[in-house]
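[1] return a 3D structure for these sequence lines:
(chains A, B, C and D, ligands or ions: 8)
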There are 4 protein chains.
Amino acid sequence: QSLLIRGGRIITADQDYVADILVRGERIVEIATSIPQDGVDEVIDASGKLVFPGFIDPHVHIHLPFMGTHAKDDYDSASRAALIGGTTTLIEMICPGRDDDPWEAYQRWKGKAEGLSACDFSFHMGVTRFDAGSETQLRRIIDDGITSLKVFLAYKGALGVTDTELFRTCQLAADTGAVVTAHCENADLIDELQSQLVAQGKVGPEFHEPSRPVSVEADGVHHFCTFLEMTGASGYIVHTSCSPAIEAARQFQARGVDVTIETVIPYLVLDKTYAERPNFEGAKYVMSPPLRDIRHQTQLWNAIGCGTIATVATDHAPFDFADQKAMGRAPESDFTKIPNGIPSVEHRCTLLYTHGVATGKIDLHQFVSLLSTNAAKQFGMFPAKGTIGLGSDADIVVWDPNYRGVISAETHTMNTDYDGFEGFEIVGRPSVVTCRGQVSVRDGKFTGKLGHGRAVPRKLARKS
Amino acid sequence: QSLLIRGGRIITADQDYVADILVRGERIVEIATSIPQDGVDEVIDASGKLVFPGFIDPHVHIHLPFMGTHAKDDYDSASRAALIGGTTTLIEMICPGRDDDPWEAYQRWKGKAEGLSACDFSFHMGVTRFDAGSETQLRRIIDDGITSLKVFLAYKGALGVTDTELFRTCQLAADTGAVVTAHCENADLIDELQSQLVAQGKVGPEFHEPSRPVSVEADGVHHFCTFLEMTGASGYIVHTSCSPAIEAARQFQARGVDVTIETVIPYLVLDKTYAERPNFEGAKYVMSPPLRDIRHQTQLWNAIGCGTIATVATDHAPFDFADQKAMGRAPESDFTKIPNGIPSVEHRCTLLYTHGVATGKIDLHQFVSLLSTNAAKQFGMFPAKGTIGLGSDADIVVWDPNYRGVISAETHTMNTDYDGFEGFEIVGRPSVVTCRGQVSVRDGKFTGKLGHGRAVPRKLARKS
Amino acid sequence: QSLLIRGGRIITADQDYVADILVRGERIVEIATSIPQDGVDEVIDASGKLVFPGFIDPHVHIHLPFMGTHAKDDYDSASRAALIGGTTTLIEMICPGRDDDPWEAYQRWKGKAEGLSACDFSFHMGVTRFDAGSETQLRRIIDDGITSLKVFLAYKGALGVTDTELFRTCQLAADTGAVVTAHCENADLIDELQSQLVAQGKVGPEFHEPSRPVSVEADGVHHFCTFLEMTGASGYIVHTSCSPAIEAARQFQARGVDVTIETVIPYLVLDKTYAERPNFEGAKYVMSPPLRDIRHQTQLWNAIGCGTIATVATDHAPFDFADQKAMGRAPESDFTKIPNGIPSVEHRCTLLYTHGVATGKIDLHQFVSLLSTNAAKQFGMFPAKGTIGLGSDADIVVWDPNYRGVISAETHTMNTDYDGFEGFEIVGRPSVVTCRGQVSVRDGKFTGKLGHGRAVPRKLARKS
Amino acid sequence: QSLLIRGGRIITADQDYVADILVRGERIVEIATSIPQDGVDEVIDASGKLVFPGFIDPHVHIHLPFMGTHAKDDYDSASRAALIGGTTTLIEMICPGRDDDPWEAYQRWKGKAEGLSACDFSFHMGVTRFDAGSETQLRRIIDDGITSLKVFLAYKGALGVTDTELFRTCQLAADTGAVVTAHCENADLIDELQSQLVAQGKVGPEFHEPSRPVSVEADGVHHFCTFLEMTGASGYIVHTSCSPAIEAARQFQARGVDVTIETVIPYLVLDKTYAERPNFEGAKYVMSPPLRDIRHQTQLWNAIGCGTIATVATDHAPFDFADQKAMGRAPESDFTKIPNGIPSVEHRCTLLYTHGVATGKIDLHQFVSLLSTNAAKQFGMFPAKGTIGLGSDADIVVWDPNYRGVISAETHTMNTDYDGFEGFEIVGRPSVVTCRGQVSVRDGKFTGKLGHGRAVPRKLARKS
Ligand SMILES: [Zn+2]
Ligand SMILES: [Zn+2]
Ligand SMILES: [Zn+2]
Ligand SMILES: [Zn+2]
Ligand SMILES: [Zn+2]
Ligand SMILES: [Zn+2]
Ligand SMILES: [Zn+2]
Ligand SMILES: [Zn+2]
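    Residues are numbered from 1 along each chain as shown, chains lettered A, B, ... in the order given. Ligands and ions are numbered 1, 2, ... in the order given. I've put the predicted structure just below:
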């Protein structure tokens, strides 16, 4: 099976040229100024279009049990939504319970994707307990190519780890070369702040942000980076929402600690006033860390501009407004019961293009780095993923920079009854997306195949 | 004329694959897994080798009048030395006198390179006076493709500009899209410190560093960045030597100021103890800003590791030890009369490979970014320079990672009677270097052609 | 002549007790629980009142020529206003022209005060030129007890000094033990920003702040502190208006540089919206550095709270609204011609009491330190001034904490036709003020004597 | 009983004058230029001497059970040693076990002092568990005048509190106005680092510092200050040893968090090379946080100079070298078993005078503030303690600035078999010390009375 993508302007993190790309099977086999189309099974005209490597979303939740319910997407809807948005690889957080067996959890999570996902996928292995038994299994999981671990700081009695466990997780990472990814909020502190607010009758979604102030996030980052420094592990801070958190991490980078910073698309285009919308509308915008004061948005863009932020992910976690977000509706309930998440796996790339490239905040190379290359390198998928090159996987996005559209829940593919970006105008979208050679999207429609996706083989991210 | 480079591992800032590269004339016309060699004029076997884009040294001095003498290299020796080290493009600082006519100075500097240089070249246009007349000429020079200006802060009565001139230079840059590069030391302050030291009989080269402490450099950076912030211009800080200077710039980056940081290779492998060597040996290591306490070396590597430093240049400025450096020898003279500079255009890449890649401090992609890609983008040469891609200039370095050697003035090509890195062991060097298709180096020998070099056409670096 | 102040609660920086104070002549001769009033010339009942040491305003302008006019107060009105507000000592800035003879200027300024001022006074000696001649005279002036110098950073062609002059001034200070006080804005930069704004037709008082952004002030502080660090001099930053300036100074304090920070009362109770008032009302609020965004007000209070700010002065500089501020009124003129200053020598203490003590932001000891003790120590007047103790000057403020009033130009003593704090409600004011034993104020009325004031003998502030 | 101290130079935080002091009973009743000595029971000639308020050591351990043994001092030896050094008030840490009843612990600790101590005393109430029962008792203890709490961060399974308990302790403090004092090291992290080192055979006292790096302390400070910020409580960081910890606290001060910084005398005159002494001598210098690299010493002095550090205490914790420190001697044991502490309650003031005042680093007013006034204010004892004033407690130190001596275990009063400052030359010492009117020291000899000491009545430190 062969595919020829003709005449597009190929943009990678460090390339910018016009050429034809020939795909055979799952790989790019030729890139040349002019490739004859004889005998090629399919030809796609990319003239006037940009051609990017398939985008990687390094932070999504698909199989996410929550308070007796589940996040709404499965790999059917999530992978289709991802592909339509240009994302060809998802990295999902495995969130086992504290008493779960790590290997079993890994198999369970993988089982939800394999045979169903239309796009490629991998996982960060959540560490919710660290003892001799779990260590053995974690080493086996890392050997199996899951070269990144995930911790929550002190989610007391739930998903979090103690400081002793955090230290040992970091030691394991330092020893194996795996990366520790971390959700950096101190849950004990948040528990207390939540209790205070609820006791004061402050129960609406507008109190979600005050229950997790920027200082709490910054303290989590400071704490996590201290553990990285003590152990020599490499770290990755997920969903950084605010300037103090970035500045905390920066201090450690300047001291030589290897820590990478992710933000997620909602923080770049939304702010806390969304969560303050009346009639419980704000609940649509409850995620953690919360949407912040709008001045942090500027500071995040600044951090992107100078390269301090390496990746833009989503923290996609889809819950319906009507019945799921409603679990936290007063007066019967309160904001602490609102399932967290702003579904965005479908819109990440077009929102970053619209608000970043089209406004001149970032250039096309930064666009690719933030959405694809940096994640591919960080998580050991490069150069199979993250670039357009000979031998690389044929994950290709043909992007129409002239497309104009409007986001709406009525037209989106994600399986939620609302869209946090409803009515947002967008500039640019994929006109064609391929996943390992499979043409999976054309003009906004899914044309791929469920079950086509595969677990991405991953290396350790060590310096070569 | 055609050239085939076969079987190398091609490394760019975001690529890593094995392929053949076909060059016709001055450009890369094909990159493919296996290119037939029939009819190709020359074939180079790169198997087992790394293949990098030609390196760019964005900060050198060639034609440099100094106190009645001149720096020792001309474009003959300098371009040969550069090529032997893997550098295929030089950007020279034009340093006109305060009363010189800018356009005339530009022509004069260009005239020294054209017809003589074996490698490509461009210039940063030194601004040593800013008035209506010079502004007109500077605009013309920018239009001619010299899209970067250069200022010295307050070199009173010599090369420096007043704050008013600095402001207007930045405004011109903001208006045209040119970049302002800056040497950030306050010369008035240094004059005073020098006078104090000399008055105290502190006249040896070991007093050069105390005469220009890190605080002075940090203050210069703070001052320059303030002007960038006020005008909206893009800036580039040359030869950053120490942590306080970097931290000063960082604050402005975090506030959204577009400022890029360069360091130079001597700061990464030498320290101030070299300048303290007895018998005036220290004079070989006098440059400005000076070599610093060794702890700054670590901090510079940290800043490289997290991407805060974008480029590693040389500030190449070659003066003989015997008669030129001796101009500042006590008791007749003092350290303030020592011509500044540590010749290094030949060794930059191998030293960075040896001390960065071979030690695991940086990976191969960072190596290419620091030496080539970032400078190409910053100075509007990308993607003709700075990457290996279809249509790019055929500036190619075939690198032998297994080479082991020792640096010595006896074998170097630079035209100085000493080498600051004498006896340093090195790992890796270019086995072949091409400059726009011309095979200019083979196994450490110059095989190119004087006069082959051309002024590189440059764009503005604006975000696209 | 004797005076007994009975039963007040005496508050100094480190005392809090109830006692009687006996004054004979100019000095405090006894402090005791119960002093017999027999034979005492005058008895003042201070029961229920607070008794503070006389306040010191270390930054005022009285004799201030400006564009062919003069500031409105002379020592007659200024010293009366000061005393009514509780200030018993003024330190005035001597602002000679660049070509003036320092000794002559000193005599001229002193001549304006001697024989006229009702309160005590001293001076900071403005350095507007530094050469061998001026150095000799400056040493003589320092020997005469004027142990503090004053510089403007780079007021090009006017009051400012070059960096060379700044360095030498700092050296002189380091050598003699005098303190360098500095106005830290870069005038060249401001000139350019002003020109830009005016060229864009932005000529109203609301453009004064944008013409001198916080970054410019922070850069000035950074620059000045660098000079202190290089020379080992002690410094004092006048009228600090914003958080970045404080943070810049803080970095140097942490490195061991002896630099003290002053703010002035307008920054603590006003903000830039005052200068944006319509109908040229904003001109009343034009001073330099300008009133800032209100968030800086909070940060200044924080800096006061933790002791980073040592003194609260006024920068008193009185100009009438009707004819003097009007010199900068569009369309004939622009904001750059508005005489700078917000008259406040009369209100400083009551405003700090109202907004600081009465709100709980500071305690009574901090109140005294900020208004009196710290300035007395910094400027070599302690313990004659700055405390209530045996042998100290009988500069005493009996403060009525229960007084409530409203500020108005109709009732104020300062010689201006408007009051920047018009309508402000105040809590507390002096009921009695003595200056070296002379009862100068009773219940808001001046009862002192013009000409009573004397030049305060001053020592060097060196650590003992 | 009356006492007259004649002709001394009285120095407080804000006074400097020569006078006589008359004491009747426990209080100062008169301060005057010349007080007749008729009828006075005792006259002390203080001419040529400095007269300071009694010093306060706000951080000592006396009754300190440790691994089956106890610290060597009881209130007999400790109070005598304190007084000889000029300290008239001790604040001891109450360190209950996690299961102890707070009120009972308070009574037990108080019982060790009452009737035995020769000097005055108070306590910080250690919070090692926080639940409804302990909260009730803590409120009762605060009401009883123990207006400061003490927490250890995360001394897992021992003295530390969980984050939830820390939050609630801070809330209690915010609610009552008590101050939270905190030992800011993360014990879980230290446990892990200790285990690593011991496992590597790094068992000597020189590995104590690497087991508790500066980053761990800085992280603790950051964490604690975050809790203060969230709750609005006032905090006090005990025994700050290094620059990163100070800088972490500074950020919060600048944001308005009310946090005060203590250092202790060993950090100002010793450094980690002491703990690296051979033959287990280093064990004498094991305390926590550990002695640091000498550059932190300079930075602590800088922080003292600019007022960032408010108090200099001791963390006095005396253990014999021969049998107690030996509990951590290899090969049978390791450094983690060495009882922590460098006995210094006797030497604090003379060491600060010698290394601070006599070297010109601080002036006499700072000396008094650091050793007495700031602690008195912070812990609600002012103005009874912390100053020399009418009505204040007659805690008076007549200081001989001309004394020269040498510290030695042979002559010290503390009950340990070694002295960490053995052989240190000192400048200045108390010649007379009174505690509430009782002459307790003359010329280095204890002349007081065991049992004279009393629990100091304390107020809340709230701003008045
Ligand atoms: Zn998360
Ligand atoms: Zn997540
Ligand atoms: Zn330079
Ligand atoms: Zn240069
Ligand atoms: Zn000023
Ligand atoms: Zn002024
Ligand atoms: Zn402790
Ligand atoms: Zn302790």
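[2] in which helix or strand does the residue in the stretch 151-300 of chain A positioned nearest to chain C reside?
    Nearest residue of the stretch 151-300 of chain A to chain C (C-beta to the nearest C-beta) works out as residue A:295 at 10.3 Å. C-beta here means a position set from N, CA and C on the backbone, and glycine is covered the same way. Using DSSP states H and E, residue A:295 sits within helix A:294-305.
[3] is that helix up against chain B anywhere?
    Yes - contact of helix A:294-305 with chain B (C-beta under 8 Å from any C-beta of the partner chain) involves A:298, A:299, A:301, A:302, A:303, A:305.
[4] can you pull the buried residues of that helix?
    A:296, A:297, A:299, A:300, A:301, A:302, A:303, A:304, A:305 (16 or more other C-beta atoms under 10 Å in any protein chain shown).
[5] what segments of the stretch 1-150 of chain A are helices?
    Using DSSP state H, counting those that start in this stretch, the helices of the stretch 1-150 of chain A run over residues A:75-84, A:102-113, A:132-143.
[6] give the contact list for residue A:180.
    With contacts defined as C-beta atoms under 8 Å, 6 or more residues apart in numbering or on different chains, residue A:180 is in contact with A:148, A:149, A:150, A:151, A:169, A:170, A:173, A:228, A:233, A:234, A:235, A:236.
[7] do residue A:31 as well
    Counting by C-beta under 8 Å, 6+ apart, residue A:31 touches A:10, A:19, A:20, A:21, A:22, A:388, A:389, A:390, B:31, B:32, B:390.
[8] same thing but at 10 Å, please
    Applying C-beta atoms under 10 Å, 6 or more residues apart in numbering or on different chains to residue A:31 gives the contacts A:5, A:10, A:15, A:17, A:19-22, A:388-390, A:392, B:19, B:30-32, B:389-390.
[9] which among the helices of the stretch 1-150 of chain A is found nearest to residue C:60?
    With C-beta to C-beta as the criterion, residue C:60 lies closest to helix A:75-84 of these, at 67.7 Å.
[10] using PDB, write out every CA atom in stretch A:126-135.
    Included here for stretch A:126-135 are C-alpha records, laid out as PDB according to Å, rounded to 0.1, in the frame of the first residue of the first chain:
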ATOM      1  CA  GLY A 126       0.700   5.800  37.600                       C
ATOM      2  CA  VAL A 127       2.500   5.000  40.800                       C
ATOM      3  CA  THR A 128       0.100   5.000  43.700                       C
ATOM      4  CA  ARG A 129       2.000   2.700  46.000                       C
ATOM      5  CA  PHE A 130       5.600   1.900  46.200                       C
ATOM      6  CA  ASP A 131       6.900  -1.200  47.900                       C
ATOM      7  CA  ALA A 132       9.100  -4.100  46.900                       C
ATOM      8  CA  GLY A 133       6.300  -5.800  45.100                       C
ATOM      9  CA  SER A 134       5.200  -2.800  43.100                       C
ATOM     10  CA  GLU A 135       8.800  -2.000  42.300                       C
END
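[11] to the chain's geometric centre, what's the distance from it?
    Using C-alpha atoms, centre = their mean, to the nearest Å, the mean C-alpha position of stretch A:126-135 is found 24 Å from that of the whole chain.
[12] again with stretch A:55-64
    With C-alpha atoms, centre = their mean, you get 5 Å for stretch A:55-64.
[13] buried stuff in stretch A:421-432?
    A:421, A:424, A:426, A:427, A:428, A:429, A:430, A:431, A:432.
[14] for chain A, where's the lowest mean pLDDT among helices and strands?
    strand A:160-161 (a mean of 80; mean pLDDT, DSSP states H and E).
[15] which elements pack onto the helix or strand just after that strand?
    Counting by DSSP H and E, the next helix or strand C-terminal to strand A:160-161 is helix A:163-176. Contact here means 3 or more C-beta pairs under 10 Å, 6 or more residues apart in numbering or on different chains; DSSP states H and E; on that basis helix A:163-176 packs against helix A:132-143, strand A:148-153, strand A:160-161, strand A:179-183, helix A:214-231, strand A:234-237, helix D:187-199.
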